[in-house]
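Student: Sharing a model that was predicted from the sequence below.
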Amino acid sequence: MEISLKNQVAVITGSSSGIGAGIAKSMSGSGATVVINYPYEGALDQANAVLKEITDKGGKGIICQCDVSKEDEVIKMFQDVVSQLGTVDILVNNAGIQKDSPFTEMTIDQWNAVIGVNLTGQFLCAREAIKEFLRRGIDPAKSVACGKIINISSVHEIIPWAKHANYASSKGAIRMLMQTLAQEYGAEKIRVNSICPGAIQTPINKSAWDTPEALNSLLTLIPYNRIGQPEDIGNLAVFLASDFSDYITGASIFIDGGMTTFESFSTGG
C-alpha cells in the first residue's frame with residue numbers, strides 16, 4: 001500500500017525537533033509540502049536543519065515562526081501559508097511543552113504556559129485550519145475529505161501522571177476538543193483524530209532514556225520492550241492524513257508499545 005499526499009499542504013506545529021520533525025519528514029516523504037513551525041528565534045537553526053534534510057531528499061517545504069499560544073501569531077501563520085502555498089489541507093497540532101512540579105508547588109505561570117501551548121494552541125490552529133478548509137471546499141484531485149486535523153495528544157489523556165497535573169489535564173482536554181470537532185464538522189467531510197504517543201525518544205523526555213539505567217526502568221512500563229521513535233508517529237500521521245483512513249474520525253489512537261495495557265499487572269499486579 002503506497003500512501004500519497006501529493007499536492008497537499010501540511011502545517012505541522014512544533015516541527016523543528018522531536019515528534020513534529022519526524023512527522024514533517026514522513027509527510028514530505030509521502031509527497032506533501034510541509035510547513036515547519038518553530039516557536040521562537042532560538043529554534044530557527046533547528047527548523048532550517050529539518051527543512052534542509054527534507055529538501056536534500058527532493059521534498060518541498062517552508063518554515064514559519066509562530067507561538068501557537070498567541071492568537072495573532074496563529075492567524076498570521078495561516079494567512080502567510082495560504083498566501084505562499086495556496087491553501088492548507090492537513091493540520092498536525094503537535095506543539096507541546098512540559099512545566100513539571102508537585103501540585104502544591106505548581107505556579108499559575110507553569111499551569112498557564114502548558115495549557116496555553118498544549119490546549120489553547122490546538123484550539124487556535126484548528127479554528128484557522130477549519131476556516132480554510134470550509135473556504136476552499138473539497139478538491140477531489142487531492143482528497144475525498146475537505147480537510148484533515150491530527151492532534152498529538154498522549155497516553156496521559158487517560159493515564160494520570162503525578163507531578164504533571166498541567167500536562168495531563170491539557171492532554172485529557174485535547175480528547176474532548178478532538179471529538180467535539182469531529183462531531184461538529186463531520187458532515188463537511190473534515191476528519192479530526194488524535195495520536196496518543198507513549199514513550200518516544202525525543203529531547204523533551206531525554207532524562208527518561210539517556211542512561212542505560214533510566215531506559216531499563218522505562219522499559220518496565222512497555223510490554224513491547226522498546227522505546228518509540230519519531231518515525232513511528234510519522235507513519236501513523238501519514239496514514240491518518242490519507243484517504244486510506246477516510247472512515248476514521250473522532251478517534252484517539254494509542255501508539256505506545258502497549259503502555260496502556262499497564263505492564264505492571266502482567267504478573268498479576
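Tutor: Yep, it's here. Numbering: from 1, shown residues only.

Student: List the contacts of residue 81.
Tutor: 9, 11, 35, 62, 64, 88 (CB atoms under 8 Å, 6 or more residues apart in numbering). Just so you know, the C-beta spots here come from the backbone N, C-alpha and C atoms, and that holds for glycine as well.

Student: Hmm, the last one is touching residue 129, no?
Tutor: Yes. Using CB atoms under 8 Å, residue 88 is in contact with residue 129, at 5.7 Å.

Student: From the contacts of residue 81, pick the one nearest residue 151.
Tutor: Nearest to residue 151 out of these is residue 11 (CB to CB; 12.8 Å).

Student: excluding its backbone neighbours, what's nearest that closest one?
Tutor: residue 35 (4.4 Å; CB to CB, 6 or more residues apart in numbering).

Student: mind checking how far the one you found is from residue 101?
Tutor: Noted for residue 35: a distance of 33 Å to residue 101, by CB to CB, to the nearest Å.

Student: ok, the residue nearest to residue 3 when sequence neighbours are not counted to residue 137 distance?
Tutor: In this structure, residue 3 finds its nearest non-sequential neighbour in residue 242, 4.7 Å apart by CB to CB, 6+ apart. Using CB to CB, residue 242 is found at 19 Å from residue 137.

Student: that older thread, specify which member of the contacts of residue 81 is nearest to residue 43.
Tutor: residue 64 (11.5 Å).

Student: what sits against the residue nearest the centre of the chain?
Tutor: The residue lying closest to the centre of the chain (CA atoms, centre = their mean) is residue 94, at 2.7 Å. Applying CB under 8 Å, 6+ apart to residue 94 gives the contacts 12, 13, 14, 15, 19, 20, 23, 152.

Student: ranking those residues by neighbours, who comes first?
Tutor: residue 12 (33 neighbours; other CB atoms under 10 Å).
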